[in-house]
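> generate a structure from the sequence data that follows.
(one chain, ligands or ions: 1)
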Amino acid sequence: MIDTHAHLFLPEFANDLDEVVQRAKQAGITKILLPNIDETTVAPLHQTVSLYPEFFYPMMGLHPLSIKDNWRGQLTIIKTYLDEKQYVAVGEIGLDFYRDYGMPRSIQEQVLETQLEWALEKGLPVSLHTRNAIDRTIEIVSEYAKKGLKGVFHCFTGTYDQAQKILDLGFYIGVGGVITFSKVKLGEEVIKKIGLNGVILETDAPYLAPQPRRGRRNESAYLKYVAEFISKLLNIPIEKVDKTTSENAVNLFAIPPTDDIGQDT
Ligand SMILES: [Zn+2]
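A predicted model of the protein is given here:
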């Protein structure tokens, strides 16, 4: 399995990263993709990747909730890294309109569009964060999808119609611990209808731990609970969930196929 979204460079993992990695490998995780958050997390991100270069794959971007008044300066820093180093995606980027905690919508949209342009220029996919903003994000991204942009709506919790629109754009749907929360039936219904077509797995560690670990620090090993949940939901073997979602992730992020690795342990 590939954990396509985990923030293992955050302080939550500073004391036991090695064990977190060992547990992930034991749980069958073969790669972990690490989306950046903002200019302050770049150094820990790179440091973390350097510890397990065959296992961790970094993304570079500015998260919508990290946008500050000096966002132009923040974007300049992010762009410098994008130009200098190798990343598997531009992320995590997007729109967060939840209770207007973030910067004004117009600024969030400018920051998003700037980074979508960069992704197109670099031929990289994007990892999208959306909260209370799926329709607007789909609307904006549609224009870029026409020019060939690909990406994932990470931690998808939308409706079947929204999922269908995303798949029609050639984008992917990121499914994580939220699908295992008993009160969230939406995600279940969507997966029952669309199957694994265009679906990739993710933890969003340290956030959103799945049942039965809900409420604790999330980590990549817990991806197995998400895979198990989907396997029961669709009544298919867990190996099939692993294979299909891993192939989807390899296609989207142009990372080496799972069969090629595993010798690095
Ligand atoms: Zn995230």
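> show me where pLDDT drops low in the protein?
By pLDDT under 70, the low-scoring segments of the chain are 183-186, 259-265.
> go again with 90.
Low-confidence segments of the chain (pLDDT under 90): 99-102, 157, 177-189, 208-213, 215, 257-265.
> and the contacts of the top strand by length along the chain?
Counting residues, the longest strand in the chain under DSSP state E turns out to be strand 89-96. Around strand 89-96, the neighbours that count as contacts under Cβ atoms under 8 Å, 6 or more residues apart in numbering are 5, 33, 35-37, 59-65, 82, 102, 105, 108-109, 111-112, 115-116, 118-119, 122, 124-133, 136-137, 140, 151, 154, 253. For the C-beta atoms, the positions are set from N, CA and C on the backbone; glycine is no exception.
> run a quick neighbour tally on His46.
A count of nearby residues for His46, using other Cβ atoms under 10 Å, gives 16.
> can you tell me the SS state at it?
Using DSSP: H, G, I helix; E, B strand; the rest coil, the structure places His46 in helix.
> my read: it touches Met59, true?
No - His46 lies out of contact with Met59 (Cβ atoms under 8 Å); the separation is 11.8 Å.
> ranges for the strands of this structure?
Under DSSP E, the chain gives strands at 2-3, 31-34, 56-60, 89-96, 126-131, 151-153, 172-175, 199-201.
> let me know the angle separating the longest strand of the chain from strand 56-60.
Strand 89-96 and strand 56-60 meet at an angle of 50 degrees, taking axes from the mean of the first three to the mean of the last three Cα atoms, to 10 degrees as the criterion.
> adjacent strands (with direction) for strand 89-96?
The pairing partners recorded for strand 89-96 under DSSP bridges are strand 56-60 (parallel), strand 126-131 (parallel).
> the helix ranked longest in the chain to strand 56-60, inter-axis angle?
When the chain is parsed with DSSP state H, its longest helix is helix 105-122. Between helix 105-122 and strand 56-60, the angle comes out at 120 degrees (the same axes, to 10 degrees).
> please compute how far helix 105-122 lies from its chain's middle.
Put simply, helix 105-122 sits 17 Å off its chain's centre (Cα atoms, centre = their mean, to the nearest Å).
> flag every buried residue along it.
For helix 105-122, burial by neighbour count (16 or more other Cβ atoms under 10 Å) applies to Gln108, Glu109, Gln110, Val111, Leu112, Thr114, Gln115, Leu116, Trp118, Ala119.
> nearest to Arg216 among the residues you listed?
When the buried residues of helix 105-122 are compared for distance to Arg216 (Cβ to Cβ), Gln108 wins out at 30.6 Å.
> ok, that closest one - contacts?
Pro64, Ile67, Leu95, Asp96, Phe97, Gly102.
> can you select the buried ones among those for me in ChimeraX?
Here is the ChimeraX command that selects the buried residues among these (16+ other Cβ under 10 Å):
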select :64,67,95,96,97,102
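> closest to Leu196 among the contacts of Gln108?
So of the contacts of Gln108, ranked by how close each gets to Leu196 (Cβ to Cβ), first place is Leu95, at 26.4 Å.
> tell me the residues on the stretch 151-265 of the chain that lie near the ion, please.
Within the stretch 151-265 of the chain, the residues that sit near the ion (Cβ under 5 Å from the ion) are Asp204.
> Val175 versus the residue in the stretch 151-265 of the chain that the ion sits nearest to, what's the distance?
Across the stretch 151-265 of the chain, the shortest distance to the ion (Cβ to the ion) belongs to Asp204, at 4.9 Å. As judged by Cβ to Cβ, to the nearest Å, Asp204 and Val175 stand 11 Å apart.
> okay, the two: which has more neighbours?
Using other Cβ under 10 Å as the criterion, Asp204 and Val175 rank with Val175 on top: 27 against 22.
> if I look at that one, how far off is Ser106?
Taking Cβ to Cβ as the measure, Val175 falls 31 Å from Ser106.
> now Tyr144
18 Å.
> one more: Leu8?
33 Å.
> how about Glu121?
Glu121 is 23 Å from Ser106, by Cβ to Cβ.
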